[in-house]
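*Asks:* need the 3D shape of this:
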Amino acid sequence: MEQDFKPAARRKPWNKGKIVGQKAPLRLKDIWAIRIRLQLAKRTRELALFNLAADSKLRSCDLVKLRVRDIAHVERVAARAIIMQQKTHRPVQFEITEQTRQSVAAWITLASLRSEDFLFPSRLHTSLHVSTRQYARIVHSWVEEIGLDRAAYGTHTLRRTKASLIYRRTKNLRAVQLLLGHSKLESTVRYLGIEVDDALEMAEQTEV
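*Replies:* Numbers count the residues shown, from 1 in each chain. This next block holds a predicted model:
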């Protein structure tokens, strides 16, 4: 006896209605809009997190696990730091600008953090430091507050922002590769999406 078979229900595509692909970097005006908003609101912790995320260009998994001793020595925030990346197990070095040093130092003082403490401790008892999920929510709140679509931005936005600005100014791919800690230049090309961007830029400047 033949059995009746009902067609399986179609699953909703995971990416339906979502923006996929690389998250957009912030523009200079966006950077300053967020920074000024955090300064005026005296959100010291978030200002330190935002500035350090942009300067360090670290992945979220590395950023949230930073300890005070990783970037500061005897209560003085260093101008440069070197971190072993969790994903690649390769060291990456980054600069810490003066305004970032000031904001991070202000946070360390306000929170009375010690050398061995996590730089951004969690406010939840279940975690020692801010989680990548918490960090993602914070990033989304920043972009929403200045009127941007949260779906187009994420934690990689902060990692890509300064790298993209540096490439635009210098066109030095090798330098950006080193700053991002990529082992292959091709990874940097894909990460920045520069082939597409450069092609569009050239097309816009060419009259036919």
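
*Asks:* pretty sure Thr88 contacts Lys184?
*Replies:* No: if you go by CB atoms under 8 Å, Thr88 and Lys184 don't touch, sitting 10.6 Å apart. All C-beta spots, glycine's among them, are computed from the backbone N, C-alpha and C.

*Asks:* who has more neighbours out of these two?
*Replies:* Set side by side, Thr88 and Lys184 show more neighbours around Thr88, with 13 against 9, by other CB atoms under 10 Å.

*Asks:* checking that one next. Helix, strand or coil?
*Replies:* Secondary structure of Thr88, reduced to three states by DSSP: H, G, I helix; E, B strand; the rest coil: coil.

*Asks:* how about Tyr167: what's its closest non-neighbour residue?
*Replies:* Take Tyr167 and drop its neighbours on the chain: the residue closest to it by CB to CB, 6 or more residues apart in numbering is Val176, 5.0 Å away.

*Asks:* residues touching the one you found, list them.
*Replies:* Ala163, Ile166, Tyr167, Thr188, Leu192 (CB atoms under 8 Å, 6 or more residues apart in numbering).

*Asks:* cool, Leu66 as well?
*Replies:* Contacts of Leu66 (CB under 8 Å, 6+ apart): Leu52, Leu58, Ile83, Phe118, Leu119, Phe120.

*Asks:* so Arg174, which of the three states?
*Replies:* Classification of Arg174 into helix, strand or coil gives helix, according to three-state DSSP.

*Asks:* which other helices and strands does the strand or helix carrying Ala81 contact?
*Replies:* Using DSSP states H and E, Ala81 sits within strand 80-84. Other elements packing on strand 80-84 under the criterion 3 or more CB pairs under 8 Å, 6 or more residues apart in numbering; DSSP states H and E are helix 68-71, strand 91-95.

*Asks:* CA-only coordinates of that strand in PDB, if you can.
*Replies:* Below are the C-alpha coordinates for strand 80-84, written out as PDB (Å, rounded to 0.1, in the frame of the first residue of the first chain):
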ATOM      1  CA  ARG A  80      52.400  50.500  21.800                       C
ATOM      2  CA  ALA A  81      51.400  47.100  22.800                       C
ATOM      3  CA  ILE A  82      51.800  43.500  21.500                       C
ATOM      4  CA  ILE A  83      49.100  40.800  21.800                       C
ATOM      5  CA  MET A  84      49.100  37.100  21.000                       C
END
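
*Asks:* picking up where we left off before, what subset of the contacts of Val176 is buried?
*Replies:* By the neighbour-count criterion of 16 or more other CB atoms under 10 Å, these include these buried positions: Ala163, Ile166, Tyr167, Thr188, Leu192.

*Asks:* okay, and the beta partners of Arg67?
*Replies:* Phe118 (DSSP bridges).

*Asks:* re earlier: from the helices and strands packed on strand 80-84, which stretch is densest packed?
*Replies:* Scoring these by mean neighbour count under mean count of other CB atoms under 10 Å gives helix 68-71 as the most buried, with a mean of 18.

*Asks:* now Leu158, what's its secondary structure?
*Replies:* helix.

*Asks:* just give me the neighbour total for it.
*Replies:* Burial of Leu158 is recorded as 29 neighbouring residues (other CB under 10 Å).

*Asks:* before we move on, what about Ala81?
*Replies:* That count, for Ala81 with other CB under 10 Å as the rule, works out to 20.
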